[in-house]
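Novice: Provided below are the primary sequence and the corresponding predicted coordinates.
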Amino acid sequence: MEEKKTYIAEEDMNDIRLDKAISYCDEDLTRSRAEQLIADGNVAVNDTVITKTSYKVKTGDRIDLTVPKPEETQILPEDIPLDIIYEDSDVILINKPKGMVVHPAPGHYSGTLVNALMYHCKDSLSGINGDLRPGIVHRIDRDTTGVLVICKNDKAHLSLSEQLAVHSIKRVYYCIVTGNVKADGTVDAPIGRNPNDRKKKAVVKNGRRAVTHYHVLEHFGSKYTLLSCELETGRTHQIRVHMAYIGHSLLGDAVYGAAKQPYDTEGQVLHAGVLGFVHPTTGEYVEFKAELPEYFQRLIEKLRSLNT
């Protein structure tokens, strides 16, 4: 069965080629794969099928993709406990635990948040992102914890997608980074694929604009600093890449920091603590919070004790 995906062109995508725009929107699609989809008539912009890769998109354009599946993969509902922060007929807010993959992908077709949501929500999940990502409008890394919004119908999905596109959704993360961050600041540096490692991201000249505002909350001697980071944009691995770029990689991040980490944190110490958006039905601003997980709190206490 084919997979349907919909994206809204953001401001920094204005007047760029359609194939490049698609690879920007979907990290799982290479530029060459995007070119093939366009040539095969599987891409529409504002309900008009486009077959030329040179077509230039404009801010606010709706890009619809039909992605043929190379093989049949059955995603099954699984009775996995969910930490539900809030739920109504439009959205469900989940406090995602560490180690849980958000949606199925090669090597992870079970045990994901989507498997759990399919069991809990039954057929009440938006279908815009296809069978592998029902309801998923944004995601966080496997080892990142915290609040995540899932859409239960296409109307809500489009509303949240548009808010993400114009950067109006409030997203605050908490992290512990290496080194002594002396003052609050902002990192405004474009992020794209690492030219030396396609699986990683990096600050690159021709990347997409990425802005992270960080605030110092607590110092643990000169070795570590507790920060809150508010995203103005939402690129893949943005906080991890930006903090490493300024010389303060996340504690536990063996991908963008040191290969050997001093504490067994099972990945980066990063928590999505606050998520705020305009509700797709009521039109009112709503905000949800997820408390720091136990491992994060224990680590803070340990670092405090080492510096008393």
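Specialist: Now that the structure is in, tell me what you want to look at.

Novice: isn't D188 up against R209?
Specialist: Yes. Under the criterion of CB atoms under 8 Å, D188 makes contact with R209 at 7.5 Å. Just so you know, the C-beta spots here come from the backbone N, C-alpha and C atoms, and that holds for glycine as well.

Novice: neighbour count: those two, which is higher?
Specialist: Neighbour totals were compared for D188 and R209, and R209 leads with 15 against 12 (other CB atoms under 10 Å).

Novice: what about I75, which SS state?
Specialist: coil (DSSP: H, G, I helix; E, B strand; the rest coil).

Novice: next, the contact list for the nearest residue to it once chain neighbours are set aside, please.
Specialist: Nearest in space to I75, with sequence neighbours left out and distances taken as CB to CB, 6 or more residues apart in numbering, is P104 at 5.3 Å. By CB atoms under 8 Å, 6 or more residues apart in numbering, the contact list for P104 reads 73, 75, 110, 112, 114-115, 132-133.

Novice: check the gap between P104 and L113 for me.
Specialist: Per CB to CB, to the nearest Å, P104 is found 10 Å from L113.

Novice: same check on V211?
Specialist: On the measure of CB to CB, V211 and L113 end up 27 Å apart.

Novice: who has more neighbours, these two?
Specialist: L113 (24 against 18).

Novice: that one against H103, yeah?
Specialist: Yes. L113 lies in contact with H103 (CB under 8 Å); the separation is 6.9 Å.

Novice: now for these two: what residues contact both?
Specialist: Common neighbours of L113 and H103 (CB under 8 Å, 6+ apart) do not exist.

Novice: and V177, which of the three is it?
Specialist: Per three-state DSSP, V177 ends up strand.

Novice: helices along the stretch 201-308 of the chain, start to end?
Specialist: Assigned by DSSP state H, counting those that start in this stretch, the helices in the stretch 201-308 of the chain fall at 238-245, 294-306.

Novice: contacts for the shortest one, please.
Specialist: Under the contact criterion CB under 8 Å, 6+ apart, helix 238-245 has outside partners 141, 173, 175, 177, 187, 189, 191, 201-203, 210, 212, 214, 227, 229, 231, 235, 249-250, 253, 255-257, 268, 270.

Novice: any low-confidence regions in the chain?
Specialist: Applying pLDDT under 70 to the chain flags the ranges 1, 69-73, 106-107, 308.

Novice: ok, T233 - how many residues close by?
Specialist: If you count neighbours by other CB under 10 Å, T233 ends up with 19.

Novice: now do the contacts for it.
Specialist: So T233 contacts 167, 208-211 (CB under 8 Å, 6+ apart).

Novice: pick out the most distant pair among those residues.
Specialist: H167 and R208 (12.0 Å; CB to CB).

Novice: domain map for the protein?
Specialist: Domain assignment for the chain by automatic domain parsing gives 3-67, 73-158, 170-272+295-306.

Novice: distance to T282 added to the ones you listed, as CSV?
Specialist: CSV is the format used below for the domains of the chain (distance: least, CB to CB, whole Å):
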stretch, distance to T282
domain 3-67, 21
domain 73-158, 9
domain 170-272+295-306, 17
